[in-house]
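**Student:** I need the structure of the sequence given here:
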Amino acid sequence: MAELKNVERELQRFRRRLIVAALVVVLSFALLIGRWLWLQVLRHRQYSLQAQDNRIAIVPLVPTRGLILDRNGILLANNFAAYTLEITPSKTRGLEATIAALRSILPISAFEERRFRNLLSMSRSFEATPIRNKLTDAEVARFVAQRFRFPGVDVRARLFRSYPLGALASHAIGYIGRIGPNEQARIADSDEASNYQGTDHIGKTGVELQYEEQLHGIAGFEEVEVNAVGRPVRRLRSVPAVPGSTLVLSLDIRLQKLAEDLYGNRTGACVVMDPRSGEVLAFVSMPTYDPNLFVEGIDPENWNALNTDPRKPLLNRVLRGTFPPGSTYKPYLALGALSLGIRTPNYTLNDPGYFMLGKHKFRDDVPGGHGRVDMHKAIAVSCDTYFYMVANDWGVDGMHDYTRKFGFGQPTGIDLPDEARGLLPSKAWKRRAYKNPEQQRWYPGETISLGIGQGYNSFTPIQMANALAAMANRGTRYKPRMVRMVENMRSRRFEPTALRVAERVDPPPAMWQVVHDGMVAVNTEPDGTAYAVFKDAPYTSAGKTGTAQVFTVGQNQKYNASDLARHLLDHALYTVFAPADNPTVCVALIVEHAGWGAEAAAPIARKLVDYHLLGTYPSEAEIEKISGVKPQPVQFQYASGKNGVPDVPGAKMPAPGAAASSAVGARRAAQARDAGRARAQAPGAKPASAPAIRPWPAPASAPAAGTQPIAAETLRHGRYARPGCEPGPLFTRFGARADNPDPDEGVRL
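**Tutor:** Below you'll find the model as predicted:
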């Protein structure tokens, strides 16, 4: 019998299914609506920004680094454009295979590959890393023809830093190099992180490091719309980068070239300053090095050659090298002894050629002595016995407290990094420097040696030059300046750097005159120690020779230079300012292991002063006679504006037809110097009055006569190509030697 269908039960089942289906539909729509509300309302801002970021790429625009010029507009550091071959690892089909394939069409040296891998370890996989720099046009064409084979490999045009004059003034200018891990960490922790997006290089030494902020500029950016695969479609917005400021140094690069040529292959340091302003006219540390080697990294061969050279070319002797000042220290002791009443101008002694302290004999350089000696003669003939007695009567702490006012034993504050403090000894210093109680004790014999600039005295050449400038200024000491003017990034006009007084000594005028006349006698009186060098000078100058011992000569020994190795010979020093009654230039220099200051150092100073005051440039034969080396010519390039006139206030171009690449051309160029410069006067004649001391005019004032309105755009975009050098690892700057009690004292030489 067939079972009848239960309609009511089927209907109830259908209703339950319909309700469940309706609930599922409602719930699904509720979820969709909820998700829509979540995405489009509650999280709209977040996801809108993410979508915008996926659509828009921010591309940093690296600013052009500022130029560096000398005081006459000659290029010392510039930029030039060249092609680089770069690899983005995340976009390649295999890094090793890509490099191997590239090597089949372009030469890639083992050094370039090592440098690439070193840079790769410091970069992220999506960042482009250069494997070849400065490609030729033929190499670019060869790669572009097969570019389809190399995804993730591109050729890009980049600006490279160049130092057109090579090793000339390299310790002052410095160099840039690739940003290292420590610098990356420092930048990341500072407010400058965004400003260095896309930047690969940073200042490492010298002006390049000290003025990194001004030279770097301000980074810009572009907003670019990209498609799904990241290719740019169109540019939406652009904020241009602000190029770095152009710096005008106080250096006269022709004077710098002359000084370096006069040193030849000898080591040492020389500083030429304008005592009226503290401007550094020449900054010489010999030997030098080529900063172009370090821009993209230095290869191992060049690095080993520089690092193992016993002459230490990487050491900045002007700022980090410390030397005993020898007899160049005597004028400051003389001024202090006269000012404090320890000596009178008329105090006279009979010099036997030595000074006895107990049983120890401190000898003079003249065995029989100088006869009757007063303060004037003691300075002129450099009588050691006289100053032995001054030191003995004065004491170490008294000498320390007075000569410190001239800047000895403390940083001068020059606008360059890594300046050493030097060492001006005192009893308190010795107690701090040594742990052994016996070593902490100050002995009377140590005071005697200080009287002639020996013993613990150890100063940097920049301190010696700064102290000399203070002496020339009758006690006013300015902070030395390397940068004379800085281009304002907003107005694009040059603004002078500040003139700052570091200290005023204010010696009694009569006492200062005694010391001044004694220094004049060094160069003008027949028994003066530098008379043979300056006797025919058409101007009056004030100088002081110095000879600093490298090792101690025993009581029963006699110093004989011919029996000694070169590294044991005395250092030769000389300091001079001129014209004597109205100084516009001062020179402090040291020639290492060269013997007597009057023979080795004074002739260099004479040529430098002649060039600055008279505009006379020595011939190649004269330079070779002093240095022993034939000078090499150099071609100067100008960052110039309209009609070839430098866009720098007060800059002077060479005379028409002058060839700046030769000594003759430099001599002719020197004849075109500013007519207002102090001219030479005959011995005994009244010197011409110097122009009033004033800073350069403010940017709003009219430019100096003979110049055009400043067009910094011309300077900034000037291109002067120079072949580059092979790159390599970054250079680590010199620090203090471990054998110094105080690391800030510098490297004693």
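**Student:** ok, residue 119 touching residue 129?
**Tutor:** Yes - taking C-beta atoms under 8 Å as the definition, residue 119 is a contact partner of residue 129 at 5.1 Å. C-beta coordinates here come from the backbone N, C-alpha and C atoms, glycine included.
**Student:** those two: who's more crowded?
**Tutor:** Between residue 119 and residue 129, residue 129 has the larger neighbour count (other C-beta atoms under 10 Å), namely 21 against 18.
**Student:** now the more buried one: how far from residue 144?
**Tutor:** Applying C-beta to C-beta, to the nearest Å, the value for residue 129 to residue 144 is 20 Å.
**Student:** do the same with residue 368
**Tutor:** With distances taken as C-beta to C-beta, residue 368 is found 83 Å from residue 144.
**Student:** now swap in residue 408 and tell me
**Tutor:** For residue 408, the distance to residue 144 - C-beta to C-beta - is 62 Å.
**Student:** now do residue 522
**Tutor:** Counting by C-beta to C-beta, the separation of residue 522 from residue 144 is 69 Å.
**Student:** have a look at those two and say which one is more surrounded.
**Tutor:** Set residue 522 next to residue 144 and count neighbours by other C-beta under 10 Å: residue 522 wins out with 30 against 10.
**Student:** just give the nearest non-adjacent residue to that one, would you?
**Tutor:** Nearest non-adjacent residue to residue 522, counting by C-beta to C-beta, 6 or more residues apart in numbering: residue 528, 4.4 Å away.
**Student:** what kind of secondary structure is that neighbour in?
**Tutor:** Judged by DSSP: H, G, I helix; E, B strand; the rest coil, the three-state class of residue 528 is coil.
**Student:** need the contact list for it.
**Tutor:** Residue 528 makes contact with 380-381, 521-522, according to C-beta atoms under 8 Å, 6 or more residues apart in numbering.
**Student:** one more: residue 178?
**Tutor:** 119, 200-202, 296-297, 730 are the contacts of residue 178 under C-beta under 8 Å, 6+ apart.
**Student:** if it is in a bridge, with which residues?
**Tutor:** Counting by DSSP bridges, residue 178 forms beta bridges with residue 201.
**Student:** pLDDT weak spots in the stretch 401-550 of the chain?
**Tutor:** The model of the stretch 401-550 of the chain has pLDDT under 70 over residues 550.
**Student:** ok, which stretches of it are strands?
**Tutor:** In the stretch 401-550 of the chain, the segments counted as strands under DSSP state E, counting those that start in this stretch are 476-478, 483-487, 494-496, 501-504, 542-548.
**Student:** quick one: strands adjacent to the longest one?
**Tutor:** Pointing back at strand 542-548 there. When pairing is defined by DSSP bridges, strand 542-548 lines up against strand 571-578 (antiparallel).
**Student:** quick check: next helix or strand after the partner strand?
**Tutor:** Later in the chain than strand 571-578, the nearest helix or strand by DSSP states H and E is strand 585-591.
**Student:** on that earlier part again, closest to residue 748 out of the strands of the stretch 401-550 of the chain?
**Tutor:** In terms of C-beta to C-beta, the element of the strands of the stretch 401-550 of the chain nearest to residue 748 is strand 542-548, at 11.2 Å.
**Student:** that closest one to strand 585-591, inter-axis angle?
**Tutor:** Per axes from the mean of the first three to the mean of the last three C-alpha atoms, to 10 degrees, the angle that strand 542-548 makes with strand 585-591 is 10 degrees.
**Student:** off-centre distance for strand 542-548?
**Tutor:** 27 Å (C-alpha atoms, centre = their mean, to the nearest Å).
**Student:** point to the residue nearest the middle of the chain.
**Tutor:** When C-alpha atoms, centre = their mean is applied to the chain, the residue found nearest the centroid is residue 206 (2.1 Å).
**Student:** pull stretch 517-529 out as CSV, backbone CA atoms only.
**Tutor:** Coordinates of each C-alpha in stretch 517-529 appear next as CSV, following Å, rounded to 0.1, in the frame of the first residue of the first chain:
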residue,chain,number,x,y,z
ASP,A,517,113.3,96.4,16.5
GLY,A,518,115.1,93.3,17.5
MET,A,519,113.2,91.2,15.0
VAL,A,520,113.9,93.9,12.3
ALA,A,521,117.6,93.7,13.2
VAL,A,522,117.5,89.9,12.4
ASN,A,523,117.0,90.8,8.8
THR,A,524,118.7,94.2,8.5
GLU,A,525,121.8,94.3,10.7
PRO,A,526,125.0,92.5,9.6
ASP,A,527,125.1,90.3,12.6
GLY,A,528,121.4,89.4,12.3
THR,A,529,120.8,85.7,11.7
